[in-house]
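> Provided below are the primary sequence and the corresponding predicted coordinates.
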Amino acid sequence: MRAFVVVLAFLYSLAFGVPTVLYVLGYFGTVGLVRGGAGASPSARDVSAVAAVRAGSPAAQKGIVPGDIVVRADAEHAPPFERIFTRTPANRPLPYAVVHDGRRRVVEMTAAPVRPAPSQAAVIVALLVRGAIIALIGALLVLLRPSIMTAAFFILCLEFAELAHPLSNLELTSAAPLFWKPLLLVLTCIVSGGAPAIVAIFCMRFPSGEPLTSWRPVEKAMIGIGAATVGLYFAAIYVGSTFSDLGVRLYGIFSVVVWLCYAVAAAAFMVRYAHASGEDRARLRWVAIGLLSFLASYALFLYSENDANAPAYLSWWAQFVNVLPFTVLYAIVRHRVVDVRIAGGRALAFAILSAVPVIGFSLIDWLLSNQLQSSRIALILDVCIAVGFGFWVNASQRRIDSLIESIFFRARKVAEERLRRVARRVAHATEQSAVDEALVREPYEALRLVSAALYFRSGGRYLRVAQRGWRDEILPEVDANDSLALELISTGEPVDVNAIDWESAAPLASSHPELAVPICVRRETIGFVLLGKKLDGERFDALEQAAVKDLADAAANAYDHLEAEEQRQIAVDLRRALDEARRENATLRALLPREASGT
């Protein structure tokens, strides 16, 4: 369910780039109207009021003058935000309702195509690609480490991706079918309206995932403020955005609250920075730089949107100043600021990242089929690319696997390699105590567990012989007929303690037993290792269980070898004693005839 919601949100982010793509392709046009905005003229009380008409435009040819109220006939009774943000397709005659001095008439106008200059189009494409990458970073992080902190960062990335679109995200909402319109509007208000408070929550929880105790009341307050800003944003949009006096006032209140939230975010991050150690502080510096770049970018964006004297396209270039998502990603990959883990196991990470080249191949295939569909060379190129792509995937699979393991599962990989190294060493142990210690200490430290204990069979019970993080008085022995013992004996495989009805689990709450691994010698379960849960709360995945099982199997071989060595030594001692007895017997027999002859 979590993966479905994240993927849906990511697609939502990409969908809001559709109007911008259509703009670059020249799908939209203009009839030459310039909207007035709040306070431009007395008639600006209506968001559809015209402030200026471009000379020679279709609107000028129809006699429309400043002060008229003009709206497409199909949107005449729509909410104000739809009348503002509804785009007009080019080269398509459409009816418009025109109100002049209180008299209404309907005219038909055909919008002239509008396309950005090549340099502007290049910047727009760069912004769209940047926005998609940012949204992907947020989606991957919330999948790799699901938490309130990463969910907040994901929503923040969605906001960054929306700001990267030169056209308003409300244009897609206005053009959406009636069924989707409320959903898209609500999502837009949550992402854009709630982002300031979400930034503060993210800074309070970064990087540990939990806020400092003294900041918990502030976090609760930010949740309420976030709900209020979502409502403010929705109200400002619905009444006409900056094209109405009420919308301007609501946006003014919203802006004040926004900067209040950002001030709280900066303060929270500085407190986190002050509480960090020297090493952690060095790691957090990159994120601090990213946070400053985001605040600078937002300030430039507001300046460009609210000051008529601001340089042209400043709002576009301001987006490139914000590098916060990239600094967070760098901190995770390079400095391990956040302990990344996967919510659905390694399989989900492999599936997501392996889909990237497949999507790339699909895009190339689509390009060939659309651009070269009338040429035979398209089929030849398609086949060549498909064959080459197959060979490339086959040759690169091991490298891709290694890359994914080293980036996203480095801690797990290190732990598994440690356990396997110990498994190789333990086979050469000369004392049982060394094997006992390795079975308990190595999983406990490598996997960062709450507890670990080793039980060894003695008669009709299993006695605890070694432990870590385990109180002496808790479960010193397990009966051989206990349900867990019988499960281990019957399966010979690791057992999830939570999956069976183990009657002895209740008094072990403090030790949190989660996985039992049998130690089998010659098909006999001579003992088992009982492992507590991980400190980070994650469950044991299949590869970790396999690594622990390999260690247990190596220990079983070591026990078997030590027992064989012990039996061999006993046999040697007995043989030596027997030889000594034989020699003594021979000596005695040799003495008996002498004694007999002497008497």
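The structure has been received and is ready for your questions.
> helix or strand for Ala429, which one?
For Ala429, there is no host helix or strand (DSSP states H and E).
> who touches it in this structure?
Ala429 is in contact with Val435, Ala438, Ala558, Leu562, counting by C-beta atoms under 8 Å, 6 or more residues apart in numbering. For glycine as for every other residue, the C-beta is placed from the backbone atoms N, C-alpha and C.
> among these, who's most crowded?
Comparing those by number of neighbours (other C-beta atoms under 10 Å), Ala558 comes first, having 25 neighbours.
> From Glu493, how far out is that residue?
Distance from Ala558 to Glu493, counting by C-beta to C-beta, to the nearest Å: 20 Å.
> pLDDT weak spots in the stretch 451-599 of the chain?
With pLDDT under 70 as the threshold, the stretch 451-599 of the chain has low-confidence stretches at 504-511, 536-537, 593-599.
> quick one, helices of it?
In the stretch 451-599 of the chain, the helices defined using DSSP state H, counting those that start in this stretch lie at 483-491, 542-598.
> so which of these comes closest to Pro211?
helix 542-598 (29.8 Å; C-beta to C-beta).
> Tell me which helix or strand comes right after whichever strand or helix holds Ile124.
Counting by DSSP H and E, the element that carries Ile124 is helix 118-144. Scanning forward in sequence from helix 118-144 by DSSP H and E, the next helix or strand is helix 148-163.
> buried residues in that following helix?
Within helix 148-163, the residues scored as buried using 16 or more other C-beta atoms under 10 Å are 149-163.
> how about the strands in the chain?
Along the chain, counting by DSSP state E, strands occupy 28-30, 33-35, 50-53, 69-72, 88-89, 93-100, 103-110, 112-113, 452-458, 461-468, 477-479, 495-496, 513-521, 524-532.
> Any chance of JSON lines for those strands, columns mean neighbour count and distance to Trp316?
Compiled in JSON lines, the strands of the chain are given as follows (neighbours: other C-beta atoms under 10 Å; distance: least, C-beta to C-beta, whole Å):
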{"stretch": "strand 28-30", "mean neighbour count": "19", "distance to Trp316": "18"}
{"stretch": "strand 33-35", "mean neighbour count": "19", "distance to Trp316": "20"}
{"stretch": "strand 50-53", "mean neighbour count": "19", "distance to Trp316": "23"}
{"stretch": "strand 69-72", "mean neighbour count": "21", "distance to Trp316": "27"}
{"stretch": "strand 88-89", "mean neighbour count": "16", "distance to Trp316": "22"}
{"stretch": "strand 93-100", "mean neighbour count": "17", "distance to Trp316": "29"}
{"stretch": "strand 103-110", "mean neighbour count": "13", "distance to Trp316": "29"}
{"stretch": "strand 112-113", "mean neighbour count": "14", "distance to Trp316": "21"}
{"stretch": "strand 452-458", "mean neighbour count": "22", "distance to Trp316": "56"}
{"stretch": "strand 461-468", "mean neighbour count": "18", "distance to Trp316": "57"}
{"stretch": "strand 477-479", "mean neighbour count": "16", "distance to Trp316": "68"}
{"stretch": "strand 495-496", "mean neighbour count": "18", "distance to Trp316": "53"}
{"stretch": "strand 513-521", "mean neighbour count": "22", "distance to Trp316": "52"}
{"stretch": "strand 524-532", "mean neighbour count": "23", "distance to Trp316": "54"}
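> Which one of those lies nearest to Ala547?
Closest to Ala547 of the strands of the chain is strand 513-521 (C-beta to C-beta; 10.3 Å).
> Perfect, I'm done here.
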